[in-house]
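Colleague: Sequence first, predicted model second:
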Amino acid sequence: MQQKWGIRGMAVAPHSLASESALAVLREGGNALEAMVAAAATIAVVYPHMNSIGGDSFWVVHAPGKAMGGIDACGAAAGLATKQWYAERGITKAIPFRGAVAANTVAGTISGWGAAHKLSRQGLGGKLPLSRLLADAIAYAESGVPVTFSQSSLTNKKRAELIDIPGFAQTFLVDGKAPAMGSIFKQERLAKTLRQVAKKGTEDYYRGDLADLLSKELTEIGSPLRLKDLHRHQAKLIDPLELKHSQGNVYNMTPPTQGVVSLMIIGILDQLNLKRFKVDSAQYVHHCVEATKQAFKVRDQHITDPAYMTRHAQSFLSPAFLKKLAANIDPEKALPWGQGKGPADTIWMGVVDGDGNCVSFIQSIYHEFGAGIVLPKSGVNWQNRGCSFSLDRQVLNYLEPYRKPFHTLNPAMALFKDGRSMVYGTMGGDGQPQTQCAVFTRTATYGLDPQDAISRPRWLLGRTWGQTSDSLKLESRFNPWTVKELHALGHEIEMLDAFDETVGHAGCIIRDPSGTLHGGWDPRSDGAVSAF
């Protein structure tokens, strides 16, 4: 599979229509931020099982000669979302994954679009109106798009679980069944909502007529979210975390995301001189997996809403701390592994424009179809991110009003010492840091091109969407001898298909100092790299 080349702009997404929406904006003279807003809107329509405007998003942004920046568009828990509120409804052990009671956090992604659009004008001289950036998404929602294999198969798998959730069957099923691949899928109610956002601005979602409608709909179906929760939400501009790597500087999102985990893994491997092992060999995979275990332990002990953390996440990226974790890795034996964080349905996208402005973006509703609910008039499928909260006061991510939930989401970017820049990322819960590790090490450490780095066989320790076991999962294209060696090292092995969605939908764009762009997309997805 050949990589794609470009000069004036490039976009990568897990659905080709989203990358084409971004490229169309770039062709019209738009910048990377404007292009990503367009792609974010389109992907929310054409890949509805993975994300929606009822979810959250995070951005890492860089303009040449300027400081790295980020946008936190994550919604907090409702003011009514307390242990007592759930107990009054007979829920005492755990917040359900589905239904209105799982829709307990504000959907922040629309605020992120607004913040990015504003930043594009103030920092990059953007001129395109929001109505232009949402035009493709509105058209696709109104006129329909062909159903992908991913949407059809996943809808079929989740049909029995979700068919009785309010709004799900009406929106996502046809005569009670999953839509056939290639059939036309329309979302007229969502088109109307997006048209209102395009006309009145993203603020309307939180403090306007649309906010009034959303809060009324959420209240009526039994969610704890209220109008005041929407009113108090704002996207935040943040300074991303930074890892000083031997190849350059690598950036990712701050908590409540697990961005620090992705950076810790490649930081640990940098301490261990990973290149001494052949790429994709048993020792390469073993060290990547063992570094993941070390980083996950830190995550599960410390990472939550930063307002509740006792230690700054940047401190976990110090050379001394990473060296200490690296010393815990046994090159001859796999350490025991417990339960991971579980599934997450997400999309990652990247855009680089002709001026070298870079955006790494991720948008999610947590589980496939989020809480499963679709609001009757607005047509918004709401996320279930808040089901990750615990009702146990002794647990790190205990549910409290206005607390931000833990996020597996983490968009990444690297600025190399040789002048190259790279945006990369993936979907996939626990798999996100692991796939980022594979893409980064294969490109930065071993010098592979983006497409080769993404297409090569990957692994997953633990669970992501559709998985229930915590074994080390390997795509079947790994050398049989590598699989045998990993088993001998003590890894519990489970084999996957040759190209399996379980290991995520990755993407990557590299910009050379000359301005040449080259990118890779994931053949496990319905995506594409679009360039000119």
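Modeller: Received the coordinates, thanks.
Colleague: what's the average pLDDT for the host helix or strand of Lys192?
Modeller: In this assignment (DSSP states H and E), Lys192 forms part of helix 188-200. Across helix 188-200, the average pLDDT comes to 99.
Colleague: helices and strands around that helix, which ones?
Modeller: Applying 3 or more Cβ pairs under 8 Å, 6 or more residues apart in numbering; DSSP states H and E, one finds that helix 188-200 contacts helix 32-46, helix 130-133, helix 135-143, helix 204-207, helix 209-221. Glycine gets a C-beta too; all of them are placed from N, C-alpha and C.
Colleague: Arg89 is nearest to which of the ones you listed?
Modeller: Judged by Cβ to Cβ, the one of the helices and strands packed on helix 188-200 that comes nearest to Arg89 is helix 209-221, at 13.2 Å.
Colleague: still on that earlier bit, kindly compare burial across the helices and strands packed on helix 188-200 and name the winner.
Modeller: For these, average neighbour numbers computed from mean count of other Cβ atoms under 10 Å are highest in helix 32-46, which has a mean of 31.
Colleague: could you dump it to CSV, C-alpha only?
Modeller: C-alpha atoms of helix 32-46 as CSV (Å, rounded to 0.1, in the frame of the first residue of the first chain):
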residue,chain,number,x,y,z
ALA,A,32,-5.6,23.6,9.1
LEU,A,33,-8.0,24.6,11.9
GLU,A,34,-10.8,25.5,9.6
ALA,A,35,-10.3,22.3,7.7
MET,A,36,-10.4,20.2,10.9
VAL,A,37,-13.7,21.9,11.9
ALA,A,38,-15.2,20.8,8.6
ALA,A,39,-13.8,17.3,9.0
ALA,A,40,-15.1,17.0,12.6
ALA,A,41,-18.6,18.0,11.5
THR,A,42,-18.6,15.5,8.6
ILE,A,43,-17.2,12.6,10.6
ALA,A,44,-19.9,13.2,13.2
VAL,A,45,-22.5,12.5,10.5
VAL,A,46,-20.9,9.8,8.3
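Colleague: Partner strands of the helix or strand following that helix, with direction?
Modeller: The element immediately downstream of helix 32-46 (helix or strand, assigned by DSSP H and E) is strand 56-62. Each strand paired with strand 56-62, and its direction, by DSSP bridges: strand 69-73 (antiparallel), strand 358-366 (antiparallel).
Colleague: tell me the average confidence for stretch 294-306?
Modeller: On average, stretch 294-306 scores 96.
Colleague: And that stretch, what's buried?
Modeller: 294-300, 302-305 (16 or more other Cβ atoms under 10 Å).
Colleague: same question, stretch 507-517
Modeller: For stretch 507-517, by 16+ other Cβ under 10 Å, it's 507-511, 517.
Colleague: Please identify the deepest-packed of the strands paired with strand 56-62.
Modeller: Most buried among the strands paired with strand 56-62, given mean count of other Cβ under 10 Å as the contact rule, is strand 358-366, at a mean of 30.
Colleague: helices and strands around whatever helix or strand comes next after that strand, which ones?
Modeller: Moving toward the C-terminus from strand 358-366, the next helix or strand (DSSP H and E) is strand 412-416. Judged by 3+ Cβ pairs under 8 Å, 6+ apart, the packing partners of strand 412-416 are strand 56-62, strand 248-252, strand 358-366, strand 421-425, helix 431-440.
Colleague: How far off centre is the third one?
Modeller: I take that to be strand 358-366. Offset of strand 358-366 from its chain centre (Cα atoms, centre = their mean, to the nearest Å): 5 Å.
Colleague: Now do the same contact list for Gln436.
Modeller: 262, 265-266, 410, 412, 424-426 (Cβ atoms under 8 Å, 6 or more residues apart in numbering).
Colleague: Mind putting these into JSON lines with distance to Leu474, neighbour count and pLDDT?
Modeller: Shown next, in JSON lines, are the contacts of Gln436 (distance: Cβ to Cβ, whole Å; neighbours: other Cβ atoms under 10 Å; pLDDT from 0 to 100):
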{"residue": "Ser262", "distance to Leu474": "20", "neighbour count": "30", "pLDDT": "98"}
{"residue": "Ile265", "distance to Leu474": "18", "neighbour count": "28", "pLDDT": "99"}
{"residue": "Ile266", "distance to Leu474": "20", "neighbour count": "27", "pLDDT": "98"}
{"residue": "Asn410", "distance to Leu474": "23", "neighbour count": "28", "pLDDT": "93"}
{"residue": "Ala412", "distance to Leu474": "23", "neighbour count": "30", "pLDDT": "98"}
{"residue": "Tyr424", "distance to Leu474": "21", "neighbour count": "30", "pLDDT": "98"}
{"residue": "Gly425", "distance to Leu474": "22", "neighbour count": "32", "pLDDT": "96"}
{"residue": "Thr426", "distance to Leu474": "17", "neighbour count": "32", "pLDDT": "93"}
